[in-house]
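A predicted structure for the sequence below; I have some questions about it.
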Amino acid sequence: MSLGVRDILNKPRLLPGTSACPGCPENIALKSISMALGENAVFIVVAGCSSIIQGMGPKSTYNYPVLNIAFAAGPAAAAGMAKAFKMRNKNIKPVVWAGDGGTADIGFASLSGAAERNDNILYICVDNEAYMNTGGHRSGSTPFGAKTASTPGGKKENKKDLPLIMMAHHIPYVATASVGYLHDLMEKVKKARSIEGFTYIQVLTPDPYGWMFDPSKTAEVGKLAVQTCYWPLIEYENGKLTISQESMHCLDRRTRKPIDEFLKIQGRYKGVSPEIVKGLEEYIDRMWERIKSIYEGKVIL
Amino acid sequence: MKMISKVISGNEAVALGVKLSRVKVIAIYPITPQTYIIEELAAMRDKGELDAEVIRVESEHSAMAAVYGAASAGVRVYTATASQGLLYMHEMIWWVAGSRIPIVMTVGTRAVGAPWNIWNEHTDFMSERDSGWLMAFASTPQEALDLTIQAFKISEDEKVFLPMMVGMDGFILSHTKTRVYIPSQEEVDSFLPPRKQPYVLDPEDPVDIGNMFQPIDYMKFRHSMHLAMLNSKEVIKEIGKEYEKKVVPVGSYSSLNESYKLDDAEYALVSMGAWSLDAMQVVDELRNMGVKIGLYRIRYVRPWDEEDIKRKLGDKDGILVLDRSVSFGRGGHLYLELKATLPDVNIKGVVTGLGGVAINKDSISSLTKKFIEGKTDGEWFYPSEVEKVELRSPRYIK
Amino acid sequence: MLEIRFHGRGGQGVVTAANLLAIAADIEGFWSSAFPFYGAERRGAEIEAYCRIDSQPIRITSPIEYPDYVVILDPSLLKISNPLKGLKSNGVVVLNSPSEPRLSYTTFYVNATQIARELGLVKSGWPLVNVVVLGSLLKAVNYISLPSLEKAIDEEFEGKIAELNKKAVRIAYEKTTVVSPIVA
Amino acid sequence: MSLDYQFFPVSRPSEGGGGKTGNWRIVKPVVDLNKCIGCKACFLWCPENTIIPTDGKVSINYEYCKGCGVCSNVCPVKAISMVSEND
């Protein structure tokens, strides 16, 4: 695959000089997504790192119309906004920008409500697998065994399967992406934007400070998550699941990279016990069994 | 021109007011006793009488978020709630006020649990008085309609740019059907200009609403809200006068609050909401008995018309404040406000009518007489027949 | 001021009856107000609703404790509670009853259940007696005419239901019997 | 009535909302233009949008570059080296 920017050549609408930590994966995601979206977008940013990343008023480094909003309110605000633009005959699909805490936990009712109503929204969940803005506390999207500020002994429960939950809402489009694979992410954003109704993309955004790795490795960790099949790249469109090229090898256990390669680079899994590694491997196996069943049409959602 | 009148409830009157105000996005979520405002609006929408989008949200928090999102995109919006719903919205209510986006909401007032209670009181409404919303309270279905239409114009005034809620006693007003004069669309259009707001989300001219600011800026924003609230008093009066002239000339909106037979009064009753009508009746009856008494009806909790209260009530020998809400251990909210406004006047407060306890004219009359005789020392009042009832509540037993 | 209190069961249309009377009174040029006492009750439970009629705007908002008229949609309520509570000594009862009642008040009665059934005014298995009984009430209250009530019915209902109710009201008006108070 | 008291919590898109973030840097990326093949991977992955495609290759906006080193790692030909600011 060429590393050229191909046909996605909109100017990035993230302005330099943000308040993000160096190597921030959310910034990488926002920048690429803005290149895919182009000009005609409005962002609703729920509480999280991105509330701060924009910078200090009266300046904002997000070169979009932005509505900042309380933690649990993003999808509902976007729903209202979508209707308002419709009443004003403007073809704008509001974009909700939320972290995994805002998606899996506190904002879940609002997310589910807007999805069930199939409001015309593009929902982006930037999943760094914890409440990073407060100092890295476990969320419903934190994986098994990960050490966080509120689970210093490692999380005891598995990561919530948000993409599957969203598929069960029968919305027209669900996809996952990773900041390790930006072309894939941009293609998915372009597609989601063109579809009428509720579209959901969950982007894995490995956080150097919460996951404890060298910030220069952000893209690599994003790639390793996919290569070890910890994070699947999939699309679910009109009831049909497809697996992105980067994840096809995960269908067969034997072609998966060992999970250890993903874990050893992160401080949150430092000194991890073999039981936890085994637990994560089982989690990955079960996840891919599910994905495979849906992919092969054995399970219809 | 002959005005059209109909016998309708407070809820129906409000729904008509919303429709006449050309609202474009409405978020609806059911909670007694406001539910049939939103049912009416949904029905109007489905019949094609209302050119608006109706969003059936999954919670009150989302209801306020949805109208906030829509309003920030530049259209007139509306929602309604009560009780637990208002409390669930609380976070968004503050968020909206801080962002200075005009929004109008109705609160069909109702008690707050636990225990469950669906009946009228004002505690839910009064619990939002520090949020930065303008807060008016109706005493009749007519006033609920009038204030709803005025609320859009007031909140969208450039001197104000704050959201506004209109309270209405749950059941007592929301469900009471009585004659209401309904303005024509032309009359309302001549009064209410197209939507105005300080900024709109638009890709052609991007703004970022509500990102982080330095402490000094934040404090300036808060100060600005404070001044806008103070300046809204003049705006409310001007708009009230214009409303009387152009829309429904049956109410009196040239002042924030209503004064009844206060000029030569030695004593005054202070109240808010539907029971103020009963209190007026009491004033008439006591005047017939030679007691010089009047009524001051609070219509606006925010802004608080300090100057008018000082002018109208500052010289009274005694003031009795009736409250349908309480700050535990301190007393009724209106009483506390009055006391802060007139520290040197003899003011007593009575908390009563909570959780739907019916307070009739006779109760208000006996309370007032006791007060004038100097027997009331600030208290909780139970109607006479209730005192005889053995409370069925369990008591704490060691 | 005339104060009328309605008693019935949840699902019988007690609230609508009070509303219709208020609308009819308004059409006659009076001021009126109508409201229910809402409990957490459901279908079958006792419900009260109130209607006040006056020649000037009404300033009383509390439930009616000492009514001039009591309208009872379901005669069984007389046995299980006290709908006549507070009724003024010269007050009047309007009752849906299949047989002649024996009450210590002047009573206007009609078999509204039968009228509703015969006309097919039935909803979810229950005869809709609320509007029917208003026909009897009009016989007792002189201030409001049948045409005004019919107009009110047209405002509240549409099509066949409106026609049936208007028919029912006329039948009830004609069939209503007055019974003098039983002196104890 | 003067409207001078009205202040609103609204911002405009602008560089440097987080300050002059170039000051955060302890190492800085230096591009070897002889090695650079113009693939734009560094531009794509730069979290700060401080790498700008220029004349078929790239240049760096040092005013805001935080020196995270992501660009150096994603470069397929290792044309970007991270150099200490103290050197």
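That came through, no problem.

got the domain ranges for chain B?
B:4-247, B:258-380 (the TED database).

to chain D, which of those domains lies closest?
Checking the domains of chain B against chain D by CB to the nearest CB gives domain B:4-247 as the closest, at 4.2 Å. Yep, even glycine has a C-beta here, placed from its N, CA and C like the rest.

quick one: distance of the closest one to the chain centre.
When distances are taken as CA atoms, centre = their mean, to the nearest Å, domain B:4-247 is centred 10 Å away from the chain's centroid.

how about it, does it reach chain C?
Yes: Domain B:4-247 reaches chain C (CB under 8 Å from any CB of the partner chain) through B:5-7, B:9, B:33, B:116, B:118-119, B:169, B:171-172, B:175-179.

kindly state the pLDDT recorded for residue C:107?
Per-residue pLDDT puts residue C:107 at 97.

of all the residues in the lengthiest helix in chain C, which ones are buried?
With residue count as the measure and DSSP state H as the assignment, chain C has helix C:159-175 as its longest helix. With burial defined by 16 or more other CB atoms under 10 Å in any protein chain shown, the residues of helix C:159-175 counted as buried are C:162, C:164-169, C:171-173, C:175.

likewise for stretch B:365-375?
Those would be B:365, B:367-368, B:370-372, for stretch B:365-375 by 16+ other CB under 10 Å.

same check, this time on stretch B:184-195
In stretch B:184-195, counting by 16+ other CB under 10 Å, buried: B:187-188, B:191-192, B:195.

for residue B:104, what are phi and psi?
phi -120, psi 140 (degrees, to the nearest 10).

mind checking how far it is from chain A?
14 Å (CB to the nearest CB, to the nearest Å).

do a quick rundown of the helices in the stretch 251-398 of chain B.
Along the stretch 251-398 of chain B, the segments classed as helices by DSSP state H, counting those that start in this stretch run B:275-288, B:306-313, B:333-341, B:361-372, B:384-388.

and those helices as JSON lines, adding mean pLDDT and distance to chain A?
Shown next, in JSON lines, are the helices of the stretch 251-398 of chain B (pLDDT from 0 to 100; distance: least, CB to the nearest CB, whole Å):
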{"stretch": "helix B:275-288", "mean pLDDT": "98", "distance to chain A": "35"}
{"stretch": "helix B:306-313", "mean pLDDT": "98", "distance to chain A": "32"}
{"stretch": "helix B:333-341", "mean pLDDT": "98", "distance to chain A": "26"}
{"stretch": "helix B:361-372", "mean pLDDT": "94", "distance to chain A": "42"}
{"stretch": "helix B:384-388", "mean pLDDT": "59", "distance to chain A": "40"}
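
returning to what we had before: select from the buried residues of stretch B:184-195 every entry located in helices.
B:187-188, B:191.

okay, strands next: where are they in chain D?
D:10-13, D:27-31, D:51-54, D:57-60, D:80-84 (DSSP state E).

can you pull the buried residues of the last one?
So that's strand D:80-84. D:80, D:82.

so for stretch B:181-191, mean pLDDT?
Rounded mean pLDDT across stretch B:181-191 is 96.

hmm, who's touching it?
With contacts defined as CB atoms under 8 Å, 6 or more residues apart in numbering or on different chains, stretch B:181-191 is touched by B:3-6, B:13, B:16, B:20-22, B:142, B:145, B:149, B:153, B:242-243, B:246-248, B:250.

ok, now how distant is residue B:156 from residue D:4?
According to CB to CB, to the nearest Å, residue B:156 and residue D:4 sit 20 Å apart.

who in the stretch 251-398 of chain B is up against chain C?
Contact residues, the stretch 251-398 of chain B versus chain C (CB under 8 Å from any CB): B:274-275, B:277-278, B:280-281, B:358-361.

for those, work out which two are farthest apart.
Pairwise distances across these (CB to CB) peak at 17.7 Å, for the pair B:280 and B:358.

the two: who's more crowded?
residue B:280 (22 against 18; other CB atoms under 10 Å in any protein chain shown).

got the residues of the stretch 1-150 of chain A near chain C?
Residues of the stretch 1-150 of chain A lying near chain C (CB under 8 Å from any CB): none found.

closest to residue D:26 among the residues of domain B:4-247 next to chain C?
The shortest approach to residue D:26 among the residues of domain B:4-247 next to chain C belongs to residue B:116, at 60.7 Å (CB to CB).

sec struct for that closest one, please.
What DSSP: H, G, I helix; E, B strand; the rest coil gives for residue B:116 is coil.
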